[in-house]
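*Asks:* Okay, sequence plus prediction incoming.
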Amino acid sequence: MSIATVFGICAACLVGLGLYGLIVQPQPLRKILAFNILGGGIFLLFGAVARRGAAAGMGGDPVPQALVITGIVVAFSATALGVAILLRLFEETGGTSLRDTPKESQSQETNS
Amino acid sequence: MNVELVFSLGLALLILTVAGFVIVTRGSFAAIVGFVAFGLTLSLAWMGLSAPDVALTEAALGGGVTGALLLGACARLRRASDVEETPGLVGRGAALVLCLGVTTGLVGVVLCLPDPAPTLAPVAKQSLASTGLGNAVTATLMVYRALDTMLEKVVLLLALVAVWSLAPDRFWGGRPVFGSRQEKGGPLIFLARVLIPIGVLVGIYLFWVGADAPGGAFAGGAIIGAMGILGFFAGVSAVPAVSAFRLRVALAAGVAFFLAVGLVGLAAGTGFLTYPENFAKPVIVLIEVAMTLSIGVTLALLVVGPPGESSGP
């Protein structure tokens, strides 16, 4: 078993953990956290593939590494946007619930 | 079993434990603190995978700046009083089965990766001399895949525009409100005054050595951005109004300069985003200067958020 395999399996578990949190956690902030863990797992999977491509005196394939650096920055921008939307939702409604309409108004809509 | 492998196994277990804590713990604050720890342990894993450039970016951005962003949000959401119910036992069971399936599939993929692994490392190494750079990851970011890097700068700008456009109409063009309005403590101001010059120096150093050693514009820019956040938070420097002209110039500098160099290459007939034969390195370093500045300013402003008060007199 090589180091790349160890971190590859670790990455697969992180993806599963993040996905579970994304589905099960009801609070949006926790969903954003889980989404970042899911993303971290995907990046690490890339890292394991990069490590396997070690050649020409380099510790790993530089191309996936560069892609991951780009990916980390894009993931951060998405997180910042998600947090900003969440804070605006809180300002407007005083809550952070993701349920779109209260139950009463929903039933009225279906009646009409 | 050698020492390195045992260390990697332990580290992988630690990462999974911390990630599990972040997912299942009850309090949001504890989860975010756990997430910062997750970012730091993950950057150790990147060191284990011989990817120090990624490790630096992950530690600075994944742990540090994201942590600051989420802690700020957590503090503002403290008054949120929704009682959210978690899915029932059946729902959680179904989610668990789905996630176990995904993980099992990915583990299968990891174990069945082709051998010998396909790699672009020899090709990257071969062309390295013509770029004048010593760090193959920087060469990939700035030369081989320059278009990706430029577009990714555009994504950062678009994200900032999207965050700003969440401001209510009356605050448009005003200043973001960041940190509490209370009297700032002495220790925080002291920390900001001592740490910011050192941090900015470290950021510039990381960008400068990035040409030949681990580092680069992203890690350097993230550290400079973090110093900006500390300055805004401690009240040492005022958050600029989003309509300020100099701020707009700093934000656009990276993409604008990158695009200008690309168009010069197009006009010279060598193609979009090609560098002049003999002085590729100076041009790349100049682009990186503009990029580091833009990345730092953009990251800090993404954390600070949309304008919350009118610019006023």
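*Replies:* Here it is on my side, so go on. Numbering: from 1, shown residues only, chains lettered A, B, ... in the order given.
*Asks:* C-alpha only now, for contacts and for neighbours.
*Replies:* Will do.
*Asks:* show me where the stretch 51-200 of chain B has strands.
*Replies:* Remark: strands assigned in the stretch 51-200 of chain B by DSSP state E, counting those that start in this stretch are B:175-176.
*Asks:* For B:Ile295, list the residues it contacts.
*Replies:* The contact partners of B:Ile295, taken as CA atoms under 8 Å, 6 or more residues apart in numbering or on different chains, are B:Lys153, B:Ala217, B:Phe218, B:Gly221, B:Ala222, B:Gly225, B:Leu251, B:Gly254.
*Asks:* Those residues also near chain A: which ones?
*Replies:* Among the contacts of B:Ile295, the ones lying close to chain A by the criterion of CA under 8 Å from any CA of the partner chain are B:Phe218.
*Asks:* Out of the contacts of B:Ile295, which is nearest to A:Gly41?
*Replies:* Closest approach to A:Gly41 among the contacts of B:Ile295 (CA to CA): B:Phe218, at 20.2 Å.
*Asks:* Please identify which helix or strand holds that closest one.
*Replies:* Element membership of B:Phe218, judged by DSSP states H and E, is helix B:217-234.
*Asks:* Could you say which helix or strand holds residue 19?
*Replies:* No chain specified, so I'll use chain A. Using DSSP H and E, the secondary-structure element containing A:Leu19 is helix A:3-24.
*Asks:* Oops, wrong one, chain B.
*Replies:* Here B:Ala19, judged by DSSP H and E, is contained in helix B:3-24.
*Asks:* just how off-centre is the helix or strand following that helix within its chain?
*Replies:* Using DSSP H and E, the helix or strand that directly follows helix B:3-24 along the chain is helix B:28-48. For helix B:28-48, the gap between its own C-alpha mean and the chain's C-alpha mean amounts to 14 Å (CA atoms, centre = their mean, to the nearest Å).
*Asks:* In terms of secondary structure, what does helix B:28-48 contact?
*Replies:* Counting contacts by 3 or more CA pairs under 8 Å, 6 or more residues apart in numbering or on different chains; DSSP states H and E, the secondary-structure elements packed against helix B:28-48 are helix A:28-52, helix B:3-24, helix B:52-57, helix B:66-76.
*Asks:* Which positions in that helix come out as buried?
*Replies:* Along helix B:28-48, these residues count as buried under the neighbour rule (16 or more other CA atoms under 10 Å in any protein chain shown): B:28-29, B:31-46, B:48.
*Asks:* Near the closest residue to B:Lys153 other than its chain neighbours, how many residues? Count them for me, please.
*Replies:* Leaving out its chain neighbours, the residue that sits closest to B:Lys153 by CA to CA, 6 or more residues apart in numbering or on different chains is B:Val255, at 6.3 Å. The local packing count at B:Val255 equals 20, with neighbours defined by other CA atoms under 10 Å in any protein chain shown.
*Asks:* what about the helix or strand that the helix holding B:Phe218 is followed by, average pLDDT?
*Replies:* Once helix B:217-234 ends, the next helix or strand along the chain (criterion: DSSP H and E) is helix B:245-267. What helix B:245-267 shows for mean pLDDT is 86.
*Asks:* Now find how far off-centre the helix holding B:Ala19 is within its chain.
*Replies:* Relative to the mean C-alpha coordinate of its chain, helix B:3-24 is positioned 23 Å out (CA atoms, centre = their mean).
*Asks:* How about stretch B:268-282?
*Replies:* The chain centroid and the centroid of stretch B:268-282 are separated by 28 Å, computed with CA atoms, centre = their mean.
*Asks:* doesn't B:Leu302 make contact with B:Gly228?
*Replies:* No - counting by CA atoms under 8 Å, B:Leu302 is not a contact partner of B:Gly228; they are 11.3 Å apart.
*Asks:* centroid residue for chain A?
*Replies:* Residue closest to the average C-alpha location in chain A (CA atoms, centre = their mean): A:Phe35, at 2.4 Å.
*Asks:* Looks like it contacts A:Gly18 (just checking).
*Replies:* Yes - here A:Phe35 reaches A:Gly18: they are 5.9 Å apart, a contact under CA under 8 Å.
*Asks:* Can you list the buried residues in stretch A:79-86?
*Replies:* For stretch A:79-86, burial by neighbour count (16+ other CA under 10 Å) applies to A:Thr79, A:Ala80, A:Leu81, A:Gly82, A:Val83, A:Ala84, A:Ile85, A:Leu86.
*Asks:* The first one: what's it in contact with?
*Replies:* Spelled out, that is A:Thr79. Applying CA under 8 Å, 6+ apart, the residues near A:Thr79 are A:Ile32, A:Asn36, B:Thr66.
*Asks:* Which phi and psi values does the spatially closest residue to the first one that is not a sequence neighbour adopt?
*Replies:* Counting by CA to CA, 6+ apart, the nearest residue to A:Ile32 once its immediate chain neighbours are dropped is A:Thr79, at 6.8 Å. When read as degrees, to the nearest 10, the backbone of A:Thr79 gives phi -60, psi -40.
*Asks:* rewinding a little: for the helices and strands packed on helix B:28-48, which one sits closest to B:Asn135?
*Replies:* Between B:Asn135 and the helices and strands packed on helix B:28-48, the tightest spacing by CA to CA is seen for helix B:52-57, at 9.4 Å.
*Asks:* For that closest one, give the mean pLDDT please.
*Replies:* Across helix B:52-57, the average pLDDT comes to 88.
*Asks:* before we move on, back to that, let me see the contact set for the residue nearest to the centre of chain A.
*Replies:* A:Gly18, A:Leu19, A:Gly21, A:Leu22.
*Asks:* quick revisit: wait, the residue nearest to B:Lys153 sits on B:Met150?
*Replies:* Yes - under the criterion of CA under 8 Å, B:Val255 is in contact with B:Met150, at a separation of 6.3 Å.
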